[in-house]
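# Show me how the following folds:
(one chain, ligands or ions: 2)
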Amino acid sequence: MLSVNEALAAILERANPLPAEERDLDEALGRVLAEDAVARENLPPFSNSAMDGFAMRASDVAGASAHDPVEIRVLADQPAGSPVSVRVRPGTGVRIMTGAQMPAGADAVVPVEHTAGSGSAVQVLRPVRPGSHVREAGEDVRAGERVAARGQVLRPAELGLLAAIGSVRVRVVRAPVVAVVTTGDELVEAGHMPGPGQIRDANIHSLCAQVRAVGATPVPLPRVRDTHEAVRVALGQAWDAADVIVTNGGVSVGEWDHVRAVLEELGARQVFWGVRQKPGRPMAFWEWNGRLVLGLPGNPVSCMVCFEEYVRPALRKMMGHRLLHRPVRTAALVDGFAKESGDLRTHFLRVVAREEGSRLVVTSTGPQGSGVLSSMVRANALAVVTGESQGVLPGGDVLVHLTELPEDR
Ligand code: AMP
Ligand code: MG
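Ligands and ions are numbered 1, 2, ... in the order given. Presented below is the predicted three-dimensional model:
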């Protein structure tokens, strides 16, 4: 059986970045740029006013004051979005709006607050420095400049800047399509009333949401009965539909656990089955004709934790991200954790993490059974008691994965 680190390495080794594709800007949030984005134009494209006021020659009003205003003749109104019609000559100016193109001949804008009067003449009450309140063409981005680099994640700011320079389609790394297959005769749709012995399928929802949260595309497949044939059909559909297949349940050693046997029969190559961890021991991983298949255990907490620790970084790697892992911190584990001697498993504990002064303190969310989904709801981090650890005394140090913060390594 593999250690947690070995299992993660085996998965990441086989998760390769997908090819690039072209997307509209509005469909590119969170994607990784597949090539440098270079501006073909200046931004702003023309020099324009940063204030509502009057465009003029700074030298004309060098001596202006409230006691001794300088009168400037207003030649025209220059609203934003219109071409410039006049040229500013000594003693003249243009009434200008924020964002409107600067008229030729003017080198500064006097804000309306520093003037008096209206109509065809204006009294300037203060001097202005050349260039004041003028945004020069290209002062934000110069034509030919790289505005975002290959490998960079597109955030709202990058999308806005790309739009501003007219890059409405971008080449980004494709995001994986992930088929999610839940198995179990006991499962019914969440919207249905379970019959005797039945429970609702929680995991299809948590898993698809986890896929979506990474920025990949989930394809929930119809729930699968615990028969060899049903599992075979479902896996075939999953292979057709997706880059990555996440199966849920049916990977233990029970008589109704068909996923392993079927995958083997279909020619999948098992990379591993079983990880020295709790929860999630029966997790499995196959390569199957160009698809990655992650077999997650059915217990609702196990499957979410395995997704978080293994599937999420793998999907991120496929999406071209450089940062694959959540922040790791050392924290004081208030409750401590007793480990039996000879227990070589890594334990992932659901905890609530909070800052206390300069240190991070984590508290268990309570019962840690792998079916206790409510404790997942209360948690904001996973404390990791490693395989080598002999346990943690109350208040002792433990590593913590901050599962609600963006990846930083
Ligand atoms: P399995 O891994 O299939 O043996 O399932 C382990 C436990 O998780 C059993 O108690 C199942 O009833 C439960 N379980 C499996 N799949 C789901 C699911 N999709 N939603 C909720 N519970 C599940
Ligand atoms: Mg099952």
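
# Find the nearest non-adjacent residue to the residue in the stretch 251-400 of the chain positioned nearest to ligand 1, please.
Distances between the stretch 251-400 of the chain and ligand 1 by Cβ to the nearest ligand atom are smallest at residue 298, namely 2.5 Å. Any C-beta I mention is one placed from the backbone N, CA and C, and that applies to glycine too. Once flanking residues are discounted, residue 298 sits nearest to residue 249: 3.0 Å by Cβ to Cβ, 6 or more residues apart in numbering.

# Then residue 242?
That would be residue 179: by Cβ to Cβ, 6+ apart, it lies 3.7 Å from residue 242.

# count of residues packed around that neighbour?
Residue 179 has 25 neighbours, counted by other Cβ atoms under 10 Å.

# now swap in the one 5 residues further on and tell me
In terms of burial, residue 184 registers 20 neighbours under the definition other Cβ under 10 Å.

# So it versus residue 310, what's the distance?
Using Cβ to Cβ, to the nearest Å, one gets 21 Å for the distance from residue 184 to residue 310.

# Please apply the same query to residue 406.
For residue 406, the distance to residue 310 - Cβ to Cβ - is 18 Å.

# go on, residue 132?
In terms of Cβ to Cβ, residue 132 sits 57 Å off from residue 310.

# Show me which of these two is the more surrounded one.
residue 310 (24 against 16).

# and the closest residue to that one other than its chain neighbours, what element?
Once flanking residues are discounted, residue 310 sits nearest to residue 11: 5.5 Å by Cβ to Cβ, 6+ apart. Assigned by DSSP states H and E, residue 11 falls within helix 4-14.

# Show me which residues of this structure are close to ligand 2?
184, 249-250, 298 (Cβ under 5 Å from the ion).

# Tell me which residue in the stretch 1-150 of the chain sits closest to ligand 2.
residue 1 (20.6 Å; Cβ to the ion).

# One more: the stretch 301-409 of the chain?
Closest point on the stretch 301-409 of the chain to ligand 2, by Cβ to the ion, is residue 303, at 11.1 Å.

# contacting residues around that residue?
Neighbouring residues of residue 303 by Cβ atoms under 8 Å, 6 or more residues apart in numbering: 203, 206-207, 248-249, 280, 296-297.

# Mind giving me the packing neighbours of the longest helix belonging to the chain?
Longest among the helix segments of the chain by residue count, using DSSP state H, is helix 228-241. For helix 228-241, the packing partners by 3 or more Cβ pairs under 8 Å, 6 or more residues apart in numbering; DSSP states H and E come out as strand 177-182, strand 244-248, helix 259-265.

# Quote the end-to-end distance of stretch 385-405.
Using Cα to Cα, to the nearest Å, the end-to-end distance of stretch 385-405 comes out at 20 Å.

# Tell me how many other residues surround whichever residue of the stretch 251-400 of the chain sits closest to ligand 2.
For the stretch 251-400 of the chain, the residue closest to ligand 2 is residue 298, as judged by Cβ to the ion, at 4.7 Å. Neighbourhood size, residue 298 [other Cβ under 10 Å]: 22.

# and if you look at residue 365?
19.

# Next, the contact list for it, please.
Per Cβ under 8 Å, 6+ apart, neighbours of residue 365: 350-352, 375-376, 378-379.

# Let's have those in TSV, adding distance to ligand 1, secondary structure and neighbour count.
As requested, those are exported to TSV (distance: Cβ to the nearest ligand atom, whole Å; DSSP: H, G, I helix; E, B strand; the rest coil; neighbours: other Cβ atoms under 10 Å):
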residue	distance to ligand 1	secondary structure	neighbour count
350	17	strand	26
351	22	strand	28
352	24	strand	15
375	15	helix	19
376	12	helix	17
378	18	helix	14
379	18	coil	25
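
# Alright, I will stop here.
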